[in-house]
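Enquirer: give me a model of this one.
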Amino acid sequence: MRKNDIWYGFLQAGDKSSPVVRDMTLEDNGRSTIYLYNHVRGKFVEYALKVVESKLRELKPGDIPLAELDNAFRAARKTFSPVKIVKKWSDAAPAPAPQESEEPEIPLDLDPSIDEFIEDEG
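Expert: A predicted model of the protein is given here:
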């Protein structure tokens, strides 16, 4: 992490206000969301960029000691992995072929009250 990839700020959101840290290395330019380390919650939270952008401001000296925020952020960053889409489905992907040798499994633990709906064949 380079020093200029990290931004320390404050999220002004009423009761949910918190010192935050923005790690630019976690962001994808095409996304409409960002990950911020939320100090009050003690973890990274994904926010909608359009919603949160106007609520962010620079961190002021009286908000929180920078060392405290930085240490908590770095500890959370070691275990954080942003959610990524593993596989994108497309129309070109073939559907799995049904296996003819297998019959559908019938559960053996049917509700006994269903017996009244089964007609006796004998």
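
Enquirer: ok, for residue 69, nearest residue in space, not its chain neighbours?
Expert: residue 19 (5.2 Å; CB to CB, 6 or more residues apart in numbering). In this view, the C-beta of every residue, glycine as well, is placed from N, C-alpha and C.

Enquirer: next helix or strand past the helix or strand in which that neighbour is found?
Expert: Using DSSP states H and E, residue 19 falls within strand 18-23. As assigned by DSSP H and E, the chain's next helix or strand after strand 18-23 is strand 33-38.

Enquirer: measure residue 6 to residue 77 for me?
Expert: Separation of residue 6 from residue 77 (CB to CB, to the nearest Å): 9 Å.

Enquirer: quick one: common contacting residues for those two?
Expert: Common neighbours of residue 6 and residue 77, using CB atoms under 8 Å, 6 or more residues apart in numbering, are residue 23.

Enquirer: can you map out the helices along the protein?
Expert: Listed in chain order, the helices of the chain (DSSP state H) span 49-52, 66-79.
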